[in-house]
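[1] build the 3D model from these lines:
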Amino acid sequence: EVNNRERVIRAIPELNAPSNHGQACFKGKFGFDYVNSKERIKAPLLRRGGELQPASWEEAFQFIAERLPEYKGSEFALIADARATNEELYVAQKFARVVMRSNNIDVSSNQRPGIFEGLADVFGYYTGSGSISDLNHAACVLAISTNLTEDLNVASLPIKQRTKSGMQKLIVIDSREVELTRYSDLWLRPYPGTDLAVIGGMLKVIIDEGLADLDFVNSRSEGFDNLCDSLAPFTLAAVEQESGVPAYSISAAARMFAENAPASIIYALDNSTGGTRRITSRAIAEIALVTGNIGKIGAAVLPVRLGANEQGAWDVGCAWRMLPGSFPMTDTEALNQIENQWGITLPEDPAIGIRGFSSAVKDGKIRAAFIMGDHPTYHDGTLENFHHAAESLNFLIAVDAFLSPIAALADVVLPAGTFLETGGTYTNVERRIQPLKKVFDLNLVNSLPGTQIISTIARHMGEQGFDFKTAEEIFTEIAEVVPQYRGISYKRLFEEAIVTARPSPD
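    Residues are numbered from 1 along each chain as shown. Reported below is the predicted structural model:
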């Protein structure tokens, strides 16, 4: 809701929305006041004489077009905003690959790729299976290392409602006492970093006690005998010693999950170390598979992503080592298809992602960067000394609505519009594409959408394929390039809630 002074005064969730049914998290209800802020950047800024000074848009674009070609190739990196739209993320990764000839592309929140890579190892795709609504139909939910009520409250509500009414069993595996532990039937509290051992113990119990759905496993999977062989020497006594969780609790959790179908799993692996997340998410997918909890109503596997639109970023290829369509860069068939569609040969250099950015700058491998937005982990030590790395670059372009600490270091700062001032789409954790409705005109703040900023730079650098005028035009190209979005029109998104395709469980 907007008042007559064009200030946002309230946000009301849509009652008929299939994902949230009128509910919203704290940010959804109250996290919009920054749009009204008087501290927003009013014009492009160029560093002159060591200080950032206002400039016109044409001056800024011309300055970038003159400087940026010096860094074409692997010396350039682009880090997109986790809150950017699918259209901004698509144009960003296309710019890096086509214009700058670099595969160093990532989104700021992509710091736990392992929680999706394990799903791809088992299911064949880098996303969850099922939807938030499945949590309303599950007889049992297994929540693993996720502070769900803070990070994805819309998904926690059906769990709390159903467990409180006795209609659902809840198993929580978490080293911390999060809110969901108060609703749980079983709370397994492993030592930090030992989630994998506990999940492996549950798998062992399910198989040894004959709780696996063998009809489902035999008809829809392969490698089950190898899994059984690998678990043969695995003992609950060893799991108890490593994790601190009693063997009887692990057995009880395994039985509860296997015997209460359909069952869903939701996880974030907050307490896992980076090197174990891929194999841990693989074990999570295997628990769902061996119990037949995949491809059924009430049986979902939902990874909780860090970024607001991280799912969309992976879908459109704005993620480390990923092509549009969530294909690995090593997928030759997908690579050839995208090259044909774009009419260009793509770079072959290995990619450097957000986690390797600081080291690459320190080693002189990356000398210029295009950073969209800000992220808490840029400043809290999670990404080594990201702030120092940004400061050490030869050339830095920042796109942001505010003069963030990263933007303050830049050679060029370009004021970006917020989600209320631009069109486009987001893709949520259940792969549902949701369109934005423009509320304000950008000329009120002299900002531009990220899509227009990037496309204009590309045109100033003499590149073809960036003549986009609207978000709809970009989404049309996304639907041509990304198989999951094929057949979906921008107009149709305003008429119905559409979930992107995924490989069939059959």
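
[2] once you drop chain neighbours, what's closest to the residue nearest the centre of the chain?
    Among the residues of the chain, the smallest C-alpha distance to the mean C-alpha position (CA atoms, centre = their mean) belongs to Glu310, namely 2.0 Å. In space, not counting the residues next to it along the chain, Glu310 is nearest to Ser109; the distance is 5.0 Å by CB to CB, 6 or more residues apart in numbering. Bear in mind the C-beta positions are built from the backbone N, C-alpha and C, glycine included.

[3] enumerate every residue touching that neighbour.
    Contact criterion CB atoms under 8 Å, 6 or more residues apart in numbering gives 82, 305-308, 310, 313, 375 as the residues in contact with Ser109.

[4] highest neighbour count among those?
    Each of those was scored by neighbours using other CB atoms under 10 Å; the highest score is Ala313's, at 32 neighbours.

[5] secondary structure element for it?
    Remark: Ala313 resides in helix 310-315, with elements defined by DSSP states H and E.

[6] show me what that helix is packed up against.
    For helix 310-315, the contact count by 3 or more CB pairs under 8 Å, 6 or more residues apart in numbering; DSSP states H and E identifies helix 86-94, strand 425-427 as packing neighbours.

[7] separation between Ala139 and Lys362?
    The span separating Ala139 from Lys362 equals 51 Å under the rule CB to CB, to the nearest Å.

[8] please say which of those two ends up with more neighbours.
    Neighbour count, other CB under 10 Å: between Ala139 and Lys362, Ala139 has more, with 18 against 14.

[9] for that one, which non-adjacent residue is closest in space?
    Leaving out its chain neighbours, the residue that sits closest to Ala139 by CB to CB, 6+ apart is Asn260, at 4.2 Å.

[10] do you know the pLDDT at that neighbour?
    In the prediction, the pLDDT value recorded for Asn260 is 98.

[11] surely Ile173 is in contact with Pro192?
    No - shown here, Ile173 and Pro192 do not form a contact pair, counting by CB atoms under 8 Å, at 11.8 Å.

[12] measure the residue nearest to Glu310 to Asn309 for me?
    Here the distance between Ser109 and Asn309 works out to 9 Å (CB to CB).

[13] kindly report the same for Gly450.
    As defined by CB to CB, Gly450 lies at a distance of 12 Å from Asn309.

[14] touching both of the two, which residues are there?
    When CB under 8 Å, 6+ apart defines a contact, the residues bordering Gly450 and Asn309 alike are 84-85.

[15] hmm, back to that, mean confidence score for the helix holding Ala313?
    Across helix 310-315, pLDDT averages out at 96.

[16] before we move on, what about stretch 5-23?
    The average of the pLDDT scores along stretch 5-23 is 83.

[17] quick one: terminal-to-terminal distance for that stretch?
    Between the opening and closing residues of stretch 5-23 we find a distance of 27 Å, counting by CA to CA, to the nearest Å.

[18] ditto for stretch 413-427
    Span of stretch 413-427 from end to end, CA to CA: 28 Å.

[19] and for stretch 144-161?
    Where stretch 144-161 starts and where it finishes are 19 Å apart, if you go by CA to CA.

[20] which parts of that stretch are buried?
    Along stretch 144-161, the positions that meet the burial threshold by neighbour count (16 or more other CB atoms under 10 Å) are 144-149, 151-160.
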